[in-house]
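>>> Mind folding the following:
(one chain, ligands or ions: 1)
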Amino acid sequence: MTEITETGSLSARPASEGAVGIELDEVSKVYPGQPVPAVERFSMTIEPGELVMLVGPSGCGKTTTMKMINRIIEPSSGAIRIDGRDVLSLNPNELRRHIGYVIQQIGLFPHLTIAENIATVPRLLGWSKQRTAERVEELLTTVQLDPGVFAKRYPRQLSGGQQQRVGVARALAADPPVMLMDEPFGATDPITREKLQAEFLRLQAEIGKTIIFVTHDFEEAIRLGDRIAVLSERSRIEQFDTPANILAAPANDYVSSFIGQGAALKRLALIPVVDAKLGQPTGIDGSASVDAAASLRDAIDLLVLTGAERVDVSDAGRVVGSINHAAISAALGGVAPRIRERG
Ligand SMILES: Nc1ncnc2c1ncn2[C@@H]1O[C@H](COP(=O)(O)OP(=O)(O)OP(=O)(O)O)[C@@H](O)[C@H]1O
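Numbering: from 1, shown residues only. A predicted model of the protein is given here:
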């Protein structure tokens, strides 16, 4: 699997060694007293190490679908298997210790320090003090919070974005093979949100967990997901595919309306410059250049910004060709976007 990082470079994203697949088989949920199911016969297979985004409007059943996986909500019918094992046959508490869970409200315990919050599951699992302390330190560093500064603080002494990072660290504490994330960055301002998304992508490139991520933000789904499931009422799957394929060929009007304006521009963000047919270098000394590993959207950006007809493309500081509008259009129409596609 390959993806483009926020800096525009391509990177492999291996599934972590312990990553597991998840299967949902005709899963339904009817809340007591409700005439219609909140989720109706939802089926999906998620590959080990895959990051699947569930995207859909408010009330369509995203959260219910996800919470059935760790049995915070019990399904009314259907089967759920993690690594081939029937989730409904497992002890729910035991199950939840093996599934990381991050939510928008973060849910840190206010009376516990950051270190104690992160240590919640290791403590339940009976880890030694030393092993727990080492893990806490490692995780704080992973989510880019200095342990010396933050370990002993209380949640109220952290900003929203910092608290959200602690939420992610806490979910990762016992190295669960599966992570469920419910609008984890929803409550943060746009700048913090983007930063958290970028950090999260970097982290996932390292840890390769199997992740189900709920969002109502299609842009977020495109940016983060290996595959996106676009859901309508009762968690009906309108399309389940890679971001590139959904943008290139929305299955129906419902999906198109979700994509909104600017589908071509959104697709450009997923295609690397090297996928376009490059021309000869401009030969203009000191002219602006775009990195070969950056996206075609970056190339368009530079063309618009400079007003040039053509800009150079560089690789490791060396000019390897040039790109213009025509080459970018051709890349959109002529080749299948390959970023984020499974390979
Ligand atoms: N405990 C409950 N009892 C009855 N109905 C419920 C309950 N929880 C959720 N619902 C209903 O089930 C449907 C799906 O809710 P769910 O929270 O899964 O949607 P969602 O897509 O996650 O929405 P949002 O994006 O607003 O969080 C909604 O119509 C909701 O009103």
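
>>> quick one: average pLDDT of stretch 146-165?
Stretch 146-165 shows a mean pLDDT of 89.

>>> Pull the residues that contact it.
Residues from elsewhere that reach stretch 146-165 (CB atoms under 8 Å, 6 or more residues apart in numbering): 106, 108-115, 117, 136-137, 140-141, 143-145, 166, 184-185, 187-189, 192, 195-196, 199. For the C-beta atoms, the positions are set from N, CA and C on the backbone; glycine is no exception.

>>> Produce a PyMOL select command limited to the buried residues of these.
Buried residues within the contacts of stretch 146-165, by 16 or more other CB atoms under 10 Å, are selected in PyMOL with:
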select buried, resi 106+108+113+114+115+117+136+140+143+145+166+184+185+187+188+192+195+196+199
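
>>> Can you name the residues of the stretch 1-150 of the chain that neighbour the ligand?
31, 34, 38, 56, 58-64 (CB under 6 Å from any ligand atom).

>>> go with 5 Å
31, 38, 58-64 (CB under 5 Å from any ligand atom).

>>> Between all of those residues, which two are separated the most?
The largest separation in those, counting by CB to CB, is between 31 and 58 at 16.1 Å.

>>> What residues sit buried inside stretch 118-131?
Going by neighbour count (16+ other CB under 10 Å), the buried part of stretch 118-131 is 118-122, 127.

>>> can you pull the alpha-carbon coordinates of it into PDB?
The C-alpha coordinates for stretch 118-131 follow below in PDB (Å, rounded to 0.1, in the frame of the first residue of the first chain):
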ATOM      1  CA  ILE A 118      -2.400   6.700  29.400                       C
ATOM      2  CA  ALA A 119      -1.700   3.900  31.800                       C
ATOM      3  CA  THR A 120      -5.400   3.000  32.200                       C
ATOM      4  CA  VAL A 121      -5.400  -0.200  30.100                       C
ATOM      5  CA  PRO A 122      -1.900  -1.400  31.000                       C
ATOM      6  CA  ARG A 123      -2.900  -1.200  34.700                       C
ATOM      7  CA  LEU A 124      -6.000  -3.200  34.000                       C
ATOM      8  CA  LEU A 125      -3.800  -5.700  32.200                       C
ATOM      9  CA  GLY A 126      -1.600  -6.000  35.200                       C
ATOM     10  CA  TRP A 127       1.600  -4.600  33.700                       C
ATOM     11  CA  SER A 128       4.500  -3.800  36.000                       C
ATOM     12  CA  LYS A 129       5.100  -0.300  37.100                       C
ATOM     13  CA  GLN A 130       8.300   0.000  35.200                       C
ATOM     14  CA  ARG A 131       6.900  -1.400  31.900                       C
END
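
>>> What average pLDDT does that stretch get?
The average pLDDT within stretch 118-131 is 88.

>>> hmm, back to that, neighbour-wise, give me the winner out of the residues of the stretch 1-150 of the chain next to the ligand.
Each of these was scored by neighbours using other CB atoms under 10 Å; the highest score is residue 62's, at 25 neighbours.

>>> what's that one in contact with, if anything?
Counted by CB under 8 Å, 6+ apart, residue 62 has contacts 54-56, 182, 214, 216, 231, 235.

>>> Can you read off the backbone torsions of it?
When read as degrees, to the nearest 10, the backbone of residue 62 gives phi -60, psi -50.

>>> Which pLDDT does the model give it?
93.

>>> how much space between whichever residue of the stretch 201-343 of the chain sits closest to the ligand and residue 253?
Residue nearest to the ligand within the stretch 201-343 of the chain (CB to the nearest ligand atom): residue 216, separated by 5.1 Å. Distance from residue 216 to residue 253, counting by CB to CB, to the nearest Å: 19 Å.

>>> So the two - more neighbours on which side?
The neighbour count for residue 216 versus residue 253, taken as other CB under 10 Å, is higher for residue 216 (18 against 9).

>>> I figured the more buried one was touching residue 56, is that so?
Yes - if you go by CB atoms under 8 Å, residue 216 and residue 56 touch, sitting 6.9 Å apart.

>>> how about the helices in the protein?
Taking DSSP state H, the helices of the chain run over residues 62-69, 92-97, 114-118, 120-124, 129-142, 147-150, 160-172, 190-207, 218-224, 243-248, 253-259, 263-268, 296-306, 325-334.

>>> and those as JSON lines, adding distance to residue 279?
JSON lines is the format used below for the helices of the chain (distance: least, CB to CB, whole Å):
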{"stretch": "helix 62-69", "distance to residue 279": "45"}
{"stretch": "helix 92-97", "distance to residue 279": "56"}
{"stretch": "helix 114-118", "distance to residue 279": "52"}
{"stretch": "helix 120-124", "distance to residue 279": "55"}
{"stretch": "helix 129-142", "distance to residue 279": "42"}
{"stretch": "helix 147-150", "distance to residue 279": "50"}
{"stretch": "helix 160-172", "distance to residue 279": "42"}
{"stretch": "helix 190-207", "distance to residue 279": "31"}
{"stretch": "helix 218-224", "distance to residue 279": "29"}
{"stretch": "helix 243-248", "distance to residue 279": "24"}
{"stretch": "helix 253-259", "distance to residue 279": "31"}
{"stretch": "helix 263-268", "distance to residue 279": "18"}
{"stretch": "helix 296-306", "distance to residue 279": "12"}
{"stretch": "helix 325-334", "distance to residue 279": "7"}
